[in-house]
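# turn this into a structure:
(2 chains)
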Amino acid sequence: MVKGRKVDNVAYERLVNLGRETLQEINSDTSPSFYAPVRSRSNVSFSEDTGTLVLGDKKEKRTFVHVSQAKKFMQTIAIAAKLKKFLEEGLHTSIRGLFYQLKFSLGEDLDEELFSEQSESNPLIEDLEASLDLKREDFNLSTDRKGVVAGNMIIKDRFGGEENTIDASKQGRSGWMIPSDVDNDMEFVDVNADYVLVVEKDALWQRLNEDKFWKKNNCILITPKGQASRGTRRLIRKLADMKLPVYVFTDCDAWGWYIYWAIKTGSMNLAYLTKHLATPEARFIGVTMSDINEYDFLNKLTIKAKDVDIKRAEEMKSYPWISRHKEWVEELDIVLKTKKKLEQDAL
Amino acid sequence: MSEIKEAKEIFEEFREHSVAEFFTKNKQMLGFSGKVRSLTTVIHEYVTNSLDACEEAGILPDITVKITTLPDDNVLVKVSDNGPGIPLDHVGKALGMMLAGTKFHRYMQQRGQQGIGAAGCTMFAQLTSGKPVHIKTSTGNGKVIECNVSINVKTNEPTVSDITEYDAEYRGIEITAEFADVKYDRSDYGPLEYLKRTAIANPHAEILFIDPEGRKVRFPRVSDVMPDRPHEVLPHPLGLEPHVLYNMMRISPARKISSFLTSELARVSSSKVEELKSLLPQLDFDISPKDIAWEDARRLVKAFKRIKWIAPSADGLRPIGKEQVEIALRSLLNPEFVSVRSRPPKVYKGGVPFIVEVAIAYGGGAGRRTGSTNAEIMRFANRSPLLFDAGGCAITKAIKSVDWKRYEVKDFENAPISIFVNVVSAFVPYTGAGKQSIASEPEVLDEIKFAVMDVARDLNRYLLGKVRVARKEAKRKAILRYIHQLALNLPLLANSGDPEMLEKKLTKMVFEKFKAEEAEEKKEVKLRKIMVEESSGEEGKSDEEGGIEFDEEDM
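Numbering: from 1, shown residues only, chains lettered A, B, ... in the order given. Coordinates of the predicted model:
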């Protein structure tokens, strides 16, 4: 509880500080500016030390007295002011909720709104996170919930002035839905398992859940339901911190493999958060392309790869943190050559 | 009903009847068809004569046109100028004898060319109102002559009557003629539009128009530069129509057809005459040209087209000139933007030289106003406005064939655009005797299109610049809106600061930045202007080279 408060205070302080600095610039007759780390691939690299992607030093300057930057600057400050208010009032909202609160006309008889699409506000939230070196969850902001867990795990969740104890082994057929924030006001009281198994698809998770796989094998069973959300990745990271081995089981195609890689090294867009989200210890399990070549019964289960799989395979080959692994390049080359895939449900 | 056939009929009858009698029956060939068009034709003939006469005498023309509707619906037309005037012994021929005008046998690029103009009006007045035309004229010698002129249709002889002579200081001519079967209106085909366009093509002329309701419209002289006097050039064989050749031969002083050809036509050498002889073995080239048969004149014109000629000289071509057109358009339309191009001479039909002058005017008073604004096409041939038969004209076709969307003009038909096209040639390829539309000779059509595309590119550049400026302006206005929002949010974020003070400070900062930017832009525009001038200078040079090339080809 004390830990949670402290993070809150840091976020609050950094927001107020941003305001003070901006004010100072205006008072000294300089155009106020905001610096955000560049979040494109050109500023992302792989760190041998951490085994994750890291953001470089490149920063983008956004200044108010400039025809093409004024609006974004003003919008950034508007978001910051709103986030500060949430922290003051102790309220939470989603990034969509925040967007709706800031979607209003800039003046009477004006058809220009502060924000007219959520696609305008989302990247500015990410800019604030990266610039202030905080997660959105620290600002009481949540992302859409996605991902489900089951297993011997007890969590205390303080929310809305109440405290609830969640037992992830008693969630029946649906499992416990992983929230966006698994840090603030969340306490992992007891985790009793030998390892973590992440399966790409919800259908397979449901099968394994019904079969009581997690009970028989004493593991934490997670599905990100496709690409892993921030909350799911953060939960996997936290479980790895408790010294649990992490295995990721995906389809035999580039799309599935990239889900594994995003869990392992982090994604480019969230490279500023990899220390919170990436799990370099994660290991891959599943069918490989070479397996298909070797075992005839597997070959009979293959289907034609989709365009997105082919495209993803090409992209992955171009990422240096993946292409340094010879065996992965070979796998990707087979995908590009045979244009086949095998889904985990087929097994 | 081909033109040649009509012409053939004219001149077969010509031997027994007079040309005047023929036109009496075929007055539509002179442009006297329809009540509105007939009146515009009358104005055209008189004004054209005045302009040509003034130019030749080196006088800046002052022309007054007054139209009065009489109680019996007849229309009285009075046209006066400050030109050289006509001596009494020429008045009859000039105004009462068809095909006798001074222009007829002198080939130069002039507005009127047939020499039936003013006499045709006399005939038309006589036919419709039954009244002769009244003339007041003086050559500036202190003696003024007034008289009535009519035509003896049977003989094509003028009748000059009621002559009075008195002393007064006056120079010029004043023609008063009364017509029936004509109608004044203010449409695009009426005299007012005709005079407006005449003014555009003749910025050196001062034109005053008084309409039947007494309203005066003045088209002021905007340039004191007299057009170059036309060079007289002999007609080129390729530019001749059978009836023109026939008439030239009938009045030629030459003793033989062969000597007529070499002395009165351009580029005809004795070896060319030999070529013609071999093409027309049945024609005796040693007879007097006066004895030529109509059919033989037609055969000669046909034979001309089968021989390879040296192209006619382009020396006689007199475009209005870039500056003059621009002055005229600016003062008359007061547009936002004007671009004028005068292209180097080109040839059509394998050797007839012509020049295309094009201008585009955008915004301001440009475009036609008929409730809404429409694109306006102003067609000219040798400075003379073409008001009728627009659909079949090469100028209209060329402009319509341009893909205007490529030039940032989304909806050409409804754009505030006026396009001016002047086709200059000693032999403009008209579609018919009415001379209101230019034939679609491929080279002429292409050249007009290229010229229009030239100015369209300039317009495109202007419009793009305008869009850029508007976008920038909108963004600047937007910043002022953002200031307010920022000034509200910042104190909430920082827990200090005063919105009003912040708004003031930010506004000041933004305005200072804009001022600095504007100063910078002005500098850039200046630089760009210098660059454009330099590049257009080069363009001019390459145009000249094109002209020289053209001359060499002809050698």
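# how close does A:G19 sit to chain B?
Summarising the geometry, the distance separating A:G19 from chain B, computed by CB to the nearest CB, to the nearest Å, is 3 Å. Heads up, the C-betas are built off the backbone N, CA and C, glycines and all.
# next one: the helix or strand containing that residue to chain centre, how far?
In this assignment (DSSP states H and E), A:G19 forms part of helix A:2-27. Distance of helix A:2-27 from the chain centroid (CA atoms, centre = their mean, to the nearest Å) equals 24 Å.
# swap in stretch A:131-138?
Between the mean C-alpha position of stretch A:131-138 and that of its chain there is a distance of 13 Å (CA atoms, centre = their mean).
# and that stretch, how far apart are its ends?
The distance separating the two terminal residues of stretch A:131-138, taken as CA to CA, to the nearest Å, comes to 13 Å.
# for it, buried residues please.
Within stretch A:131-138, the residues that qualify as buried are A:S131, A:L132, A:L134, A:K135, A:R136, A:E137, A:D138, counting by 16 or more other CB atoms under 10 Å in any protein chain shown.
# what does that stretch contact?
Judged by CB atoms under 8 Å, 6 or more residues apart in numbering or on different chains, the contacts made with stretch A:131-138 from elsewhere in the structure are A:7-8, A:10-11, A:14-15, A:18, A:34-37, A:95, A:125-126, A:128-129, A:142-143, A:180-181, A:183-184, A:230, A:272-273, A:276.
# ok, now stretch B:254-264?
Stretch B:254-264 is contacted by residues B:234-235, B:248-249, B:252, B:268-270, B:272-273, B:276, B:283-289, B:292 when judged by CB under 8 Å, 6+ apart.
# go with 10 Å
For stretch B:254-264, the external contacting residues (CB atoms under 10 Å, 6 or more residues apart in numbering or on different chains) are B:105, B:107, B:234-235, B:237, B:245, B:248-249, B:252-253, B:268-270, B:272-274, B:276-277, B:283-292, B:296, B:300, B:304.
# now A:R312, nearest residue through space, not along the chain?
Spatial nearest neighbour of A:R312, excluding adjacent residues (CB to CB, 6 or more residues apart in numbering or on different chains): A:A254 at 4.1 Å.
# what about A:T274, distance to chain B?
Applying CB to the nearest CB, the value for A:T274 to chain B is 28 Å.
# is it true that that residue touches A:A130?
No - using CB atoms under 10 Å, A:T274 makes no contact with A:A130, being 11.6 Å away.
# what touches both of these two?
Taking CB under 10 Å, 6+ apart as the contact criterion, the common neighbours of A:T274 and A:A130 are A:L55.
# and the two? Which one has more around it.
Neighbours per residue, other CB atoms under 10 Å in any protein chain shown: of A:T274 and A:A130, the larger number sits with A:T274, 24 against 20.
# quick one: residues contacting that one.
A:44, A:47, A:50-55, A:233, A:237, A:265-268, A:280.
# now A:S47
By CB under 10 Å, 6+ apart, the contact set of A:S47 is A:L53, A:V54, A:T265, A:T274, A:K275, A:P280, A:W321.
# and the contacts of stretch A:131-138, which are buried?
Using 16+ other CB under 10 Å as the burial test, the contacts of stretch A:131-138 include A:7-8, A:11, A:14-15, A:18, A:34, A:36-37, A:95, A:125-126, A:128-129, A:142-143, A:180-181, A:183-184, A:230, A:272-273, A:276 as buried.
# related to what we said a few turns ago, ok, the residue nearest to A:R312 to chain B distance?
With distances defined as CB to the nearest CB, the gap from A:A254 to chain B amounts to 42 Å.
# that residue: how many residues sit nearby?
The criterion is other CB under 10 Å. On that basis, A:A254 has 26 neighbouring residues.
# what are the phi and psi values at it?
In terms of degrees, to the nearest 10, the main-chain angles of A:A254 are phi -60, psi -40.
# thank you kindly, that will do.
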